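K.L.:
Turn this into a structure:
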Amino acid sequence: QVQLVESGGGLVQPGGSLRLSCAASGRTVSSYSMGWFRQGPGKEREFVATINRSGGTTNYADSVVGRFTVSRDNAKNTVYLQMNSLKPEDTAVYYCAARVGITRTQAGAYDYWGQGTQVTVSS
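P.N.:
Numbers count the residues shown, from 1 in each chain. As a prediction, the model looks like this:
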């Protein structure tokens, strides 16, 4: 099994940037396809981005294309989400998740989850 811990959230003004990290332990993160999801107030958890095991293939929700970038450093057992040009509607708890097999955009397809990190975009 793998344990995931997110960090890097916080309060940022509209137009600002944050980089989230997801540190894995217990098993090497290179064994898993990884996803980032978010859950805003009163909303369901939604797909943000995925990255395959090698890092060569990524996928993004339409709402974040061109603003967010997912990456991974398997040597450091860490996955990242660089978020630029943040908007108030990006406010949510952000979760990283891991699954064995190919990447999927459905949250229910992921086996392991972190505890989440809060991102608040407000002036």
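
K.L.:
List the contacts of the residue nearest the centre of the chain.
P.N.:
Centroid-nearest residue in the chain, with CA atoms, centre = their mean: Trp36, separated by 2.6 Å. Going by CB atoms under 8 Å, 6 or more residues apart in numbering, Trp36 touches Leu20, Cys22, Val48, Ala49, Thr50, Val70, Val79, Leu81, Tyr94, Tyr95, Cys96, Ala97. All C-beta atoms are positioned from the backbone trio N, CA, C, and that covers glycine.

K.L.:
and the closest residue to Met34 other than its chain neighbours, what pLDDT?
P.N.:
Closest residue in space to Met34, ignoring its immediate chain neighbours: Val79 at 4.8 Å, by CB to CB, 6 or more residues apart in numbering. What the model reports for Val79 is a pLDDT of 97.

K.L.:
Hmm, Val79 is touching Ser21, no?
P.N.:
Yes - taking contacts as CB atoms under 8 Å, Val79 lies within contact range of Ser21: 7.5 Å.

K.L.:
who's more crowded, these two?
P.N.:
Higher neighbour count among Val79 and Ser21: Val79, with 29 against 17, using other CB atoms under 10 Å.
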